[in-house]
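> here's my sequence, what's the structure:
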Amino acid sequence: MSFALSKIFWALTAPGNLLLLFLLVGLFATGGFRARRSLLCARSAAVGLAIIAVLPVGAWSMRTLEQRFPAPAGLPAHVDGIIVLGGSVDQVATAETGQPEVNAAAERLMVIPDLARRYPDARIIFSGGSGELRDPDEKEAPVARAALEEIGMDITRVTFEGESRNTWENALFSRDLMHPQPGQTWLLVTSAFHMPRSVGIFRHVGWPVVAYPVDIRAPKTLLYRPDFDLLRGLELLSQSVHEYIGLLAYRLLGRTDSLFPAPDGATKTP
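Predicted structure coming up:
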């Protein structure tokens with residue numbers, strides 16, 4: 001139930017959807033006070049869109065998330081396992097085209113061969129089922145398997161977990177499959193903006209990890225440069241707002257131990 005509610009809630013609170021609702025309200029102006037309120041809604045939406053298009057507010061909010069767990073200065077000499085979270089493929093498009101389709105987060109998937117070569121004895125798990133309400137039977141894991149096969153990866157080294165629907169289930173189902181042991185070191189691979197919530201969840205289920213962030217969306221060059229790109233600004237803002245809402249929701253649900261998890265140097269399973 002919480003999974004479905006989270007999807008519905010986000011559909012109602014996504015910045016682009018909210019601004020659209022304000023514009024629609026503005027179209028139904030009638031006489032008197034109601035007309036003034038409708039006009040105010042329309043003007044507010046227009047100003048909001050202009051701000052998002054011109055000022056890098058999306059980049060600012062995204063950068064805060066991405067810099068919470070910066071890329072490590074040096075990787076551990078020994079790694080027992082590598083966890084790669086889903087979100088890098090388009091399983092619905094794949095079902096239509098018959099070939100593995102990736103999305104903007106494809107770097108999550110593409111780093112697997114390099115890490116596998118760097119750590120030839122490490123166990124690897126890709127965790128991704130379906131986060132779709134309308135297409136729950138289309139899973140990410142088979143698409144990831146096909147994509148890795150296409151680029152020549154030895155997939156016998158990879159465990160594919162295909163039942164998880166969100167980050168909470170990523171952590172639980174992966175833990176149950178891999179059985180991490182005390183003293184082991186595990187890398188966690190996901191998009192940089194998604195890392196604070198992901199690390200917080202894995203810590204909460206008793207699986208401390210080393211953050212390996214990828215897929216940077218807000219490089220420094222975007223932070224201080226006015227632009228006129230509504231689509232990019234709205235995309236960055238929507239992604240970051242979604243993540244901030246996720247951080248708050250997971251904290252309230254008791255799935256993380258802090259509102260905004262931060263690095264603490266813990267790399268071992270207690």
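> please make it C-alpha for all contacts and neighbour counts, starting now.
Noted.
> so how far is Ile125 from the residue most central in space within the chain?
Nearest to the mean C-alpha position of the chain, counting by Cα atoms, centre = their mean, stands His194 at 4.3 Å. Plainly put, His194 is 18 Å away from Ile125 if you go by Cα to Cα, to the nearest Å.
> spatially nearest residue to Ala147 (excluding sequence neighbours)?
Once flanking residues are discounted, Ala147 sits nearest to Pro100: 5.5 Å by Cα to Cα, 6 or more residues apart in numbering.
> the one you found belongs to a strand?
No: read with DSSP: H, G, I helix; E, B strand; the rest coil, Pro100 is coil and lies in no strand.
> and it, what does it touch?
Val89, Asp90, Gln91, Thr94, Val143, Ala144, Ala146, Ala147 (Cα atoms under 8 Å, 6 or more residues apart in numbering).
> now for these, which pair is the farthest apart?
Farthest apart among these by Cα to Cα are Asp90 and Ala146. That separation is 12.2 Å.
> for those two, indicate the residue with more neighbours.
Shown here are Asp90 and Ala146; by other Cα atoms under 10 Å, Asp90 has more neighbours (20 against 16).
> backbone dihedrals for that one, please?
phi -110, psi 90 (degrees, to the nearest 10).
> list the residues that contact it.
Neighbouring residues of Asp90 by Cα under 8 Å, 6+ apart: Pro100, Glu101, Val102, Asn103, Glu140, Val143.
> could you redo the last one with a cut-off of 7 Å?
Applying Cα atoms under 7 Å, 6 or more residues apart in numbering, we find Asp90 in contact with Glu101, Val102, Asn103.
> could you measure the last one against Leu49, distance?
To tie it back to what came earlier, the one meant is Asn103. Note on Asn103: its distance to Leu49, by Cα to Cα, is 25 Å.
> contacting residues for the residue nearest to the centre of the chain?
Glu243 are the contacts of His194 under Cα under 7 Å, 6+ apart.
> thinking again about what came up before, any idea how far Leu23 is from the residue nearest to Ala147?
38 Å.
> centre of the chain to the helix or strand of the chain with the lowest mean pLDDT, how far?
Among the helices and strands of the chain, helix 2-13 carries the lowest confidence by mean pLDDT, DSSP states H and E, at a mean of 73. Helix 2-13 has its C-alpha centroid displaced from the chain centroid by 15 Å (Cα atoms, centre = their mean, to the nearest Å).
> stretch 117-137 now?
That offset, for stretch 117-137, works out to 13 Å (Cα atoms, centre = their mean).
> any idea of the mean pLDDT in it?
Stretch 117-137 comes out with an average pLDDT of 89.
> contacts for that stretch, please.
Stretch 117-137 is contacted from outside by 4, 79-86, 138-141, 157-166, 170, 174, using Cα under 7 Å, 6+ apart.
> cool, thanks, talk later.
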